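**Q** No letters, just coordinates:
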Ligand SMILES: N#[N+]C[C@@H]1[C@@H](O)[C@H](O)[C@@H](O)[C@@H]2O[C@H]12
């Protein structure tokens, strides 16, 4: 049985959340609307018709939530700043919003919990969307100004920062498939948005180097283990190409200052415009990559699809999201990232949605304990294989607004009764508490 003491002494275990998914107070104390406030109120966008207006009411209950983190024994807590809460129009300061994050950081530090901040976890100020959002190259300057303000405001106490969470999702789910805010369905826009997201990342890193001399900063990507869904050589080729578009596209430019060759030609024909200095800015050196790992992606050669491939379902046991449970993929991707980029890594998200039910005041999420144990084991295996893995953040601290799925998917180690806002530690939280002292 794996123990906490098997991990390096300074390895951090934490949980992760995001502002729009837990805070609520969507229109309170001067907060401006985000693209997710508008998207979630647009009929037909959220499977359950729900929105993040109240969510977990974390804005008002953060002290209770920090107390629960302490009770579990977490070393660290990864959360995001709501850009429109601190800058309602994307530019001018809302002091009440800033005050909330000062209070949250101070509460964490008072409980010996290390804060890790994500500057952007998808909730773009709607006012900036109206100016073109991620399609407007000026967005990088707005993001740099926001980042600089937050570094100056919290950088004396917060030493670990992530610029963006999953730019692949922000760009391709937000602008190509339309599943996420702002709900566009335009491949060219997705490509442009992805490039502007990475430019914004680079500008924030440049500012960080000037503002927070003793801190570390990185980028968090969703990392998918892409595998062929059948044994045809063409499917192996398809998997390799998809890997370039979903993984390498958001890692290579940040480290090497250039997009993957196999993909750039495809995107240049579909609107990618790289201006002079863009790649130098994007590849401003970072201190780590954040790795959000959930499952693998299976692709097969498919001439009936214009892209030449199709996604297929695997036959491994699945979570409530329909994602295969595939811990080996975590090990494989950690080693791949280490060998290709030679950077320290944090698992900034890993976890599962489960069929969590309250029975006699308890949630027997044995499946989640098993899931976490297996992924912890693979993380330790990666460390023993030479990966400089520095921490592991479980997604998520508590059940929350699961984007287009509303509140129907429960990822938390803490159960949230949304009718009463009561928090109930699931068996996985008690398991984690014991693990953290093992
Ligand atoms: N879906 N899902 C769960 C989880 C989502 O809730 C996070 O906000 C994202 O960063 C990432 O997609 C992973």
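**A** Received it, and whenever you're ready, just let me know what you need. Since the model is a prediction, treat every value here as computed from it, not as a measurement.
**Q** and the longest helix belonging to the chain, what does it pack onto?
**A** The single longest helix within the chain, with elements called by DSSP state H, is helix 187-211. Judged by 3 or more Cβ pairs under 8 Å, 6 or more residues apart in numbering; DSSP states H and E, helix 187-211 is in contact with helix 139-154, strand 160-165, helix 167-168, helix 174-175, strand 216-222, helix 249-256, helix 278-282. Where C-beta positions appear, they are placed from N, C-alpha and C, glycine not excepted.
**Q** orientation of the second one relative to strand 216-222 in degrees?
**A** Translated: strand 160-165. With axes from the mean of the first three to the mean of the last three Cα atoms, to 10 degrees applied, the angle from strand 160-165 to strand 216-222 works out at 30 degrees.
**Q** Numbering from 41 from now on, please.
**A** Shifting the count to begin at 41 puts that one at strand 200-205.
**Q** Strand 200-205 and the ligand in contact?
**A** Yes: counting by Cβ under 6 Å from any ligand atom, the ligand is contacted by strand 200-205 at residue 205.
**Q** Buried ones in the helix or strand of the chain with the lowest mean pLDDT, by neighbour count?
**A** Ranking every helix and strand in the chain by mean pLDDT, DSSP states H and E puts helix 301-308 at the bottom, with a mean of 90. Neighbour-count burial for helix 301-308 flags 303-304, 307 (criterion: 16 or more other Cβ atoms under 10 Å).
**Q** Next: stretch 235-254.
**A** 235-248, 252.
**Q** Farthest pair within these?
**A** Of all pairs drawn from these, the greatest distance, 25.8 Å, lies between 235 and 252 (Cβ to Cβ).
**Q** quick one, what contacts the residue most central in space within the chain?
**A** Central residue of the chain (Cα atoms, centre = their mean): residue 205, 4.0 Å from the mean position. Counting by Cβ atoms under 8 Å, 6 or more residues apart in numbering, residue 205 touches 58, 120, 158, 160-162, 260, 330, 332, 388.
**Q** Now flag whichever of the buried residues of stretch 235-254 is closest to the ligand.
**A** residue 237 (14.0 Å; Cβ to the nearest ligand atom).
**Q** What about the ligand: which of the contacts of residue 205 touch it?
**A** Among the contacts of residue 205, proximity to the ligand is found for 58, 332 (Cβ under 6 Å from any ligand atom).
**Q** Can you lay out the contacts of residue 205 as a markdown table showing secondary structure?
**A** Output for the contacts of residue 205, formatted as a markdown table (DSSP: H, G, I helix; E, B strand; the rest coil):
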| residue | secondary structure |
| --- | --- |
| 58 | coil |
| 120 | strand |
| 158 | strand |
| 160 | strand |
| 161 | coil |
| 162 | coil |
| 260 | strand |
| 330 | strand |
| 332 | strand |
| 388 | strand |
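**Q** Quick check: of the contacts of residue 205, which lies closest to residue 400?
**A** Using Cβ to Cβ, the contacts of residue 205 come closest to residue 400 at residue 58, 31.3 Å.
**Q** Wait, that closest one touches residue 123, no?
**A** No: between residue 58 and residue 123 there is no contact under Cβ atoms under 8 Å: 11.8 Å.
**Q** Between the two, which contacts overlap?
**A** residue 163.
**Q** how about the strands in the protein?
**A** 52-56, 116-120, 154-160, 200-205, 256-262, 265-268, 328-332, 336-341, 349-352, 385-390, 429-435, 454-457, 462-465 (DSSP state E).
**Q** Can you spell out which helices and strands pack onto the fifth one?
**A** What that stands for is strand 256-262. strand 200-205, helix 207-208, helix 227-251, helix 289-296, strand 328-332, strand 385-390.
**Q** what's the angle from it to helix 227-251?
**A** Using the same axes, to 10 degrees: strand 256-262 against helix 227-251 is 160 degrees.
**Q** relative to strand 328-332, how tilted is strand 256-262?
**A** Counting by the same axes, to 10 degrees, strand 256-262 points 30 degrees away from the direction of strand 328-332.
**Q** List the strands paired with strand 256-262, with their directions.
**A** strand 200-205 (parallel), strand 328-332 (parallel) (DSSP bridges).
**Q** Run the chain-centre distance for the shortest one.
**A** It refers to strand 328-332. 9 Å (Cα atoms, centre = their mean, to the nearest Å).
**Q** pLDDT averaged over it - what is it?
**A** Averaging pLDDT along strand 328-332 yields 99.
**Q** Please give me every residue in contact with the closest residue to residue 295 other than its chain neighbours.
**A** The shortest distance from residue 295 to any non-neighbouring residue, by Cβ to Cβ, 6 or more residues apart in numbering, is to residue 381 (4.8 Å). Shown in contact with residue 381 (Cβ under 8 Å, 6+ apart): 291, 295, 329.
**Q** what pLDDT does residue 381 get?
**A** pLDDT, residue 381: 98.
**Q** same thing with residue 41?
**A** Reported pLDDT for residue 41: 89.
**Q** Same question for residue 388.
**A** 99.
**Q** That one: what's it in contact with?
**A** Neighbours of residue 388 in contact, by Cβ under 8 Å, 6+ apart: 56, 118, 156, 202, 205, 260, 330-332, 433.
**Q** ok, so what distance separates it from residue 130?
**A** 25 Å (Cβ to Cβ, to the nearest Å).
**Q** before we move on, what about residue 271?
**A** Counting by Cβ to Cβ - residue 271 and residue 130 are separated by 50 Å.
**Q** what's the answer for residue 189, then?
**A** 11 Å.
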